[in-house]
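Asker: Give me a model of this one.
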Amino acid sequence: VALFVNARPAQVRAVADAIANVVLQFHGDETPAQCSAFGRPFLKVARMAPELDLLDFACRYGEAQGLLLDAHVAEFGGAGKVFDWSLVPARFSTDIGHRLVLSGGLHAANVAAGISQLRPWAVDVSSGVESSRGVKDAAEIRRFCDAVREADARIAASTA
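Answerer: Purely as a prediction, here's the structure:
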């Protein structure tokens, strides 16, 4: 996955041309046409806020392989903040046909709750597994992955 925030099209094209199976992830103000212009699978970030109509957003980005839900903060990226998960309509990920990627302030202690509530296709973590800014911690990554596996196992057991 290659992450872009309002990148110049030439930058995105260079990455898409250099990496055979890259998935493009757009975190900025990119329009649906801009995201689709590269002929590659892409994820579009929805910056979650009460005023965002997520169903409309999903329809506008209908060609996206998935929607990554992240906190709405002043800068782009979630800044390690959790958004209000109740902003996501019930059964959103199954009803609209998009793969839902949950992001924003996830760590080992809260990821299971997010998975249980939203049933995302994937989770995205960064600062939640860091020992200091930008430094990933192997033990935290292990704890996070264990929490995800436990949540998945509980869901599988409840639907069996």
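
Asker: make it CA atoms for all contacts and neighbour counts henceforth
Answerer: Will do.

Asker: how close does D124 get to F4?
Answerer: 15 Å (CA to CA, to the nearest Å).

Asker: now A153
Answerer: Distance from A153 to F4, by CA to CA: 33 Å.

Asker: More neighbours: the two, which one.
Answerer: Just comparing A153 and F4: by other CA atoms under 10 Å the higher neighbour count belongs to F4, 15 against 12.

Asker: Run through the residues that contact that one.
Answerer: The neighbours of F4, taking CA atoms under 8 Å, 6 or more residues apart in numbering as the test, are 12, 24-28.

Asker: Next up, phi/psi of it, please.
Answerer: With angles defined as degrees, to the nearest 10, F4 shows backbone torsions of phi -130, psi 140.

Asker: repeat for I115
Answerer: Phi and psi for I115, reported as degrees, to the nearest 10, are phi -70, psi -40.

Asker: Let's see the pLDDT reported for it.
Answerer: For I115, the pLDDT comes out at 94.

Asker: Name the residues that touch the helix or strand where L69 lies?
Answerer: Assessed by DSSP states H and E, L69 sits inside strand 66-71. Here strand 66-71 makes contact (CA under 8 Å, 6+ apart) with 42-49, 58, 77-79, 81-83, 98-105.

Asker: Where do the strands of the chain begin and end?
Answerer: For the chain, the strands defined by DSSP state E occupy 2-4, 24-26, 42-48, 66-71, 99-102, 122-123, 130-132, 135-136.
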